[in-house]
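Asks: how does the following fold in three dimensions:
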Amino acid sequence: MRVEAALLAAALALAGCSASRIVDGVFHSDKGYRVTVPAAGWQAQTGRRVDLELRRDGAAGMLVDATCGPVAERSLDVLSRHLLFGLRHWRDATREPAQVGGLTAQRRTLRGEMDGREVAVEAIVAQGEGCVYDFLYVAPPDLFDAGQPAFRSLVDSFARERAR
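Replies: You can find the predicted model right below:
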């Protein structure tokens, strides 16, 4: 096990996420999916309300979360808007259909203001088998492009581990 993976696993254990875990750089959610954690400089945050939150240099962040049940019946447009809560004065740059792990998804990139700072955002919502999977990447505009490959790699690594 790499040192980074061991540290992330310890941080998640301290957060009380005993059913979800990081093993050899792969986050396994107790909600039945997995993603590969970017290796360079991304650290798991503890005590959060999402399945996985990662931060880099205190300026950029990404999250992965799943919700199963009736919420999964809403449209992708409605589901993607909830990822924008807290973002003010936002404007879409792109909105396009996508696929994540074989599921129907919507990808949005945009800019806006969060906590008084200008940010760039990529938000992806995937839907299928009674669940919604949210992926979010937020960074200052001047750092956004540098972290986007790590985010895309995280999203591309998504796989369901058991049928829901």
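Asks: could you tell me the end-to-end distance of stretch 98-118?
Replies: Stretch 98-118 stretches 26 Å from its first residue to its last (CA to CA, to the nearest Å).
Asks: quick one: distance of it to the chain centre.
Replies: 10 Å (CA atoms, centre = their mean, to the nearest Å).
Asks: likewise stretch 137-156?
Replies: For stretch 137-156, the distance to the chain centre is 11 Å (CA atoms, centre = their mean).
Asks: now that stretch: average pLDDT?
Replies: Averaged over stretch 137-156, pLDDT sits at 94.
Asks: just the buried positions in the helix or strand containing Gln148, please.
Replies: Using DSSP states H and E, Gln148 sits within helix 141-156. Neighbour-count burial for helix 141-156, counted by 16 or more other CB atoms under 10 Å, picks out Phe144, Gly147, Gln148, Ala150, Phe151, Arg152, Leu154, Val155. Using the backbone N, CA and C atoms, a C-beta is placed for each residue, glycine as well.
Asks: same check, this time on stretch 81-95
Replies: Quick answer for stretch 81-95 (16+ other CB under 10 Å): Leu83, Leu84, Leu87.
Asks: from the contact counts, what lies against the helix holding Gln148?
Replies: Applying 3 or more CB pairs under 8 Å, 6 or more residues apart in numbering; DSSP states H and E, one finds that helix 141-156 makes contact with strand 33-36, strand 60-68, strand 117-128, strand 131-139.
Asks: quickly compare those strands and say which is most buried.
Replies: strand 131-139 (a mean of 22; mean count of other CB atoms under 10 Å).
Asks: parallel or antiparallel, list what pairs with it.
Replies: strand 60-68 (antiparallel), strand 117-128 (antiparallel) (DSSP bridges).
Asks: now, which of the buried residues of helix 141-156 sits nearest Gln127?
Replies: Val155 (14.1 Å; CB to CB).
Asks: that older thread, which one of the buried residues of helix 141-156 sits closest to Val23?
Replies: Using CB to CB, the buried residues of helix 141-156 come closest to Val23 at Leu154, 15.9 Å.
Asks: isn't that closest one right next to Val35, touching?
Replies: Yes - the pair Leu154 and Val35 passes the contact test of CB atoms under 8 Å, sitting 5.4 Å apart.
Asks: shared neighbours of these two, which are they?
Replies: Common neighbours of Leu154 and Val35 are listed as Val64 (criterion: CB atoms under 8 Å, 6 or more residues apart in numbering).
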